[in-house]
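Colleague: Give me a model of this one.
(2 chains)
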Amino acid sequence: MKNWITLIVVAAMLATLPLVGNNYLLRLASILCMYAVLAQSWNFIGGLAGYPSFATAAFFGLGAYTSAILQNQGLPMMLAWGTAGLTTLLFAAALGGAILHLRGHYFAIASLIVAEMLREIVNTTPNLTGGGMGLNLPIMRISVEAQARYFFYAMLSLAFLCTATAIVVYRSKLGFGLRCIQQNEDAASILGVNAYSYKTAAFSLSAVFVGIAGAIYASWVNYIEPPDVFDILLAVKPLVMVLLGGLGTIFGPAIGALILLMFEEFVWRNFLTVHAAALGLIIVVLVLFLPNGLLSLLRERFARLRGAR
Amino acid sequence: MIYLQIATNGLVLGGLYACIAVGFSLVWGVLNVINILHGTFIVLGSYIAYFAYVYAGIHPFVSIVIAGAILYALGHVIQAGIINRVIAAPVLITLTLTFGLDLVLNNAMLVAFTADYRSINLANPLGSLEIGPVFVPGDRIAAMALALLLTVLLYRLLRDSTIGRAIVAVRMDRDAAALMGVDVKNINAVTFGIGALMAGAAGALLSIIFPISPLNGTTFLGKAFVVCVLGGLGSVPGAMIGGIVLGIVESFGSYWFGPEHAVTISFGLLLVLLFARPSGLLGKRGYE
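Modeller: Predicted coordinates:
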């Protein structure tokens, strides 16, 4: 119950942002919501089931391209977004069937390769996807401010939906089963957890919202190209955000998204040429010194304060 | 007859792929770390060879020694100072860590060397060899021979030297090795250093064939992945066979489907193999 209240209050506060904020702030908030979706989605497979997936970039790009191609064929935008989500879901379910029997490194690599392959396929089918030239999307005939608001609310709704799903899943049998798989998959199987279908469910959950986010992103920026939407960083950032916020927690991913976004914005503004190195440095520091996330630091501090009293 | 030429090209390419992958495979097999830095190490080796040639006139084949030494030192320091701290952590952690380090190193190279493609034009190229109907550029065949020589040297090192036996022991059972008096942390650092050394040497060899740019790191890394999965982990003969298979598959794939599909073909092959035989063409089942 506490989780629901937190979610609704935060979402409601964010929803009032267009009343006070300018377009720059709205853009940042839209990216924040998108990041939160990516991180939360990754948490289903990476945080709950403990499978190090790098497929986020593949799902994002697949969603973006599906929606862009459909819209260029004349499908209405919202319908194209939905279809993109569904396509990504089915893709993930099929892919999961093929690679979820792998563990550890092998799974990580297989999921990493998927984005590379999709990128190459897009590059080599210029008739359908525009290839390396990229693809333009239909432009909305509303003012710039209205567009900013529109896409902000789209991303916010998606983030809300994704987090709500997480709350439901965490308390469900599925979430419990996934945590068992993370701790000891063989033991979980013996005790009757159908590991294969649970993992596939988690993998599909980690795809569907990302696919829709990719579709919204494509409409938002009006133009997509393979290096942009299949960017390997899209697969790594979710992981960093979840590590920042705390693995396998409900609000950790969103908090991680906020921290990463603020950091990125700071680095982009001040040290443009070394932004990748800066991201690399946080990763190194994070992994070496804060493996349980920043929140764990605060929690420890609180625990110590309480203990002292 | 064209097939003979394609097969030869594939073989030459495959020898180089083996050299690219063998260090990566060693690190993965012994330390259980996927070293994302490997591609960037290779590019760094190429740059060392490039600058040695441009400013000091040292032939890239000689630069193998310089690039290898520098990269060994770098690798040893990175493992001893950074990765060893989390070596026992789950896959996700070590993989993410090397990814972070890769971002730093690659970005540093971009700033220092820019993203421009550079290439070495040898003053005295070896010309080309003609064996029956097959043409082979002399420099490429020499590079391949050197790559295979390096790979064989590594194999002998692992088989015959004390440090090599210690590395193999750690690969088999790290706790038992520690009980036998092997300094596991030190062996980790040495192994990572050797992996980097092989990457640097491979980079120096590749500098006469491929254009050099920090952006190439990912491509090399992708090749190393595929070769490792093809050949199985941590085994030198495996990497050799995996490299040659990949070289030949890519050559014929480019011929039949067009060169733009070469990457898709090799990654497709990888996915199929992961699905069917995750322990590699030579690997024993269950030993993962």
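Colleague: Which stretches in the stretch 151-288 of chain B count as helices?
Modeller: Per DSSP state H, counting those that start in this stretch, the stretch 151-288 of chain B carries helices over the ranges B:162-172, B:174-179, B:184-206, B:217-231, B:236-257, B:262-276.
Colleague: Highest mean neighbour count out of those helices?
Modeller: helix B:184-206 (a mean of 27; mean count of other C-beta atoms under 10 Å in any protein chain shown). (C-beta placed from N, C-alpha, C; glycine too.)
Colleague: Mean confidence (pLDDT) on that one, please.
Modeller: For helix B:184-206, mean pLDDT rounds to 93.
Colleague: and what of stretch B:60-76?
Modeller: pLDDT averaged over stretch B:60-76 gives 93.
Colleague: repeat for stretch A:6-18
Modeller: 85.
Colleague: Now it: buried residues?
Modeller: Using 16 or more other C-beta atoms under 10 Å in any protein chain shown as the test for burial, stretch A:6-18 gives A:7, A:11, A:14, A:17-18.
Colleague: I'd like these as a markdown table, with distance to A:Phe54 appended.
Modeller: Converted to a markdown table, the buried residues of stretch A:6-18 look like this (distance: C-beta to C-beta, whole Å):
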| residue | distance to A:Phe54 |
| --- | --- |
| A:Leu7 | 28 |
| A:Ala11 | 29 |
| A:Leu14 | 29 |
| A:Leu17 | 32 |
| A:Pro18 | 35 |
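Colleague: So which of those residues sit within strands?
Modeller: Judged by DSSP state E, the buried residues of stretch A:6-18 include no members of strands.
Colleague: and which of the residues you listed is nearest to chain B?
Modeller: A:Leu7 (26.7 Å; C-beta to the nearest C-beta).
Colleague: For chain B, see how far away the closest residue to that closest one other than its chain neighbours is.
Modeller: Nearest residue to A:Leu7, sequence neighbours excluded (C-beta to C-beta, 6 or more residues apart in numbering or on different chains): A:Thr163, at 5.5 Å. A:Thr163 sits 22 Å away from chain B, going by C-beta to the nearest C-beta, to the nearest Å.
Colleague: Kindly state the pLDDT recorded for A:Thr163?
Modeller: 92.
Colleague: tell me what the one helix or strand it maps to is packed against?
Modeller: Assigned by DSSP states H and E, A:Thr163 falls within helix A:144-171. Other elements packing on helix A:144-171 under the criterion 3 or more C-beta pairs under 8 Å, 6 or more residues apart in numbering or on different chains; DSSP states H and E are helix A:2-15, helix A:17-20, helix A:23-42, helix A:195-221.
Colleague: anything in the longest one sitting right up against chain B?
Modeller: This points to helix A:195-221. No - judged by C-beta under 8 Å from any C-beta of the partner chain, helix A:195-221 stays clear of chain B, getting no closer than 14.2 Å.
Colleague: what's that helix packed up against?
Modeller: Secondary elements touching helix A:195-221 (3+ C-beta pairs under 8 Å, 6+ apart): helix A:23-42, helix A:56-72, helix A:77-99, helix A:144-171, helix A:173-183, helix A:185-190, helix A:226-229.
Colleague: most neighbours per residue, which of those helices?
Modeller: Most buried among those, counting by mean count of other C-beta under 10 Å: helix A:56-72, with a mean of 27.
Colleague: thinking again about what came up before, show me how far the helix holding A:Thr163 is from its chain's centre.
Modeller: 12 Å (C-alpha atoms, centre = their mean, to the nearest Å).
Colleague: Report the angle between it and helix A:77-99.
Modeller: Computed by axes from the mean of the first three to the mean of the last three C-alpha atoms, to 10 degrees, the angle separating helix A:144-171 from helix A:77-99 equals 40 degrees.
Colleague: hmm, back to that, can the helices and strands packed on helix A:195-221 go into a markdown table with extra columns for distance to B:Asn32?
Modeller: Converted to a markdown table, these look like this (distance: least, C-beta to C-beta, whole Å):
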| stretch | distance to B:Asn32 |
| --- | --- |
| helix A:23-42 | 23 |
| helix A:56-72 | 24 |
| helix A:77-99 | 20 |
| helix A:144-171 | 30 |
| helix A:173-183 | 19 |
| helix A:185-190 | 18 |
| helix A:226-229 | 31 |
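Colleague: To A:Leu279, which of those helices lies closest?
Modeller: Closest to A:Leu279 of the helices and strands packed on helix A:195-221 is helix A:23-42 (C-beta to C-beta; 13.1 Å).
Colleague: chain center to the closest one: distance?
Modeller: With C-alpha atoms, centre = their mean, you get 9 Å for helix A:23-42.
Colleague: and if you look at stretch B:187-205?
Modeller: Distance, centroid of stretch B:187-205 to centroid of chain: 8 Å (C-alpha atoms, centre = their mean).
Colleague: touching chain A at all, it?
Modeller: No - with C-beta under 8 Å from any C-beta as the criterion, chain A is not reached by stretch B:187-205; the gap is at least 15.2 Å.
Colleague: CA atoms of that stretch as PDB?
Modeller: Extracted in PDB, the C-alpha atoms of stretch B:187-205 (Å, rounded to 0.1, in the frame of the first residue of the first chain):
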ATOM      1  CA  ILE B 187      48.400 -15.200 -11.200                       C
ATOM      2  CA  ASN B 188      45.200 -13.300 -11.900                       C
ATOM      3  CA  ALA B 189      47.300 -10.200 -12.700                       C
ATOM      4  CA  VAL B 190      49.800 -12.100 -14.800                       C
ATOM      5  CA  THR B 191      47.000 -13.700 -16.800                       C
ATOM      6  CA  PHE B 192      45.300 -10.500 -17.400                       C
ATOM      7  CA  GLY B 193      48.600  -9.000 -18.400                       C
ATOM      8  CA  ILE B 194      49.200 -11.800 -20.900                       C
ATOM      9  CA  GLY B 195      45.800 -11.300 -22.300                       C
ATOM     10  CA  ALA B 196      46.500  -7.600 -22.800                       C
ATOM     11  CA  LEU B 197      49.900  -8.500 -24.200                       C
ATOM     12  CA  MET B 198      48.300 -10.700 -26.900                       C
ATOM     13  CA  ALA B 199      45.900  -8.000 -27.700                       C
ATOM     14  CA  GLY B 200      48.700  -5.400 -28.100                       C
ATOM     15  CA  ALA B 201      50.700  -7.800 -30.300                       C
ATOM     16  CA  ALA B 202      47.600  -8.500 -32.400                       C
ATOM     17  CA  GLY B 203      47.000  -4.800 -32.700                       C
ATOM     18  CA  ALA B 204      50.500  -4.200 -34.000                       C
ATOM     19  CA  LEU B 205      50.000  -6.900 -36.600                       C
END
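Colleague: which parts of the stretch 51-200 of chain A sit against chain B?
Modeller: Residues of the stretch 51-200 of chain A lying close to chain B (C-beta under 8 Å from any C-beta) are A:52, A:98-99, A:102-106, A:108-110, A:113-114, A:116-117, A:120-121, A:123-124.
Colleague: buried subset of those?
Modeller: Counted by 16+ other C-beta under 10 Å, these give A:52, A:99, A:102, A:104-106, A:108-110, A:113-114, A:116-117, A:120-121, A:123-124 as buried.
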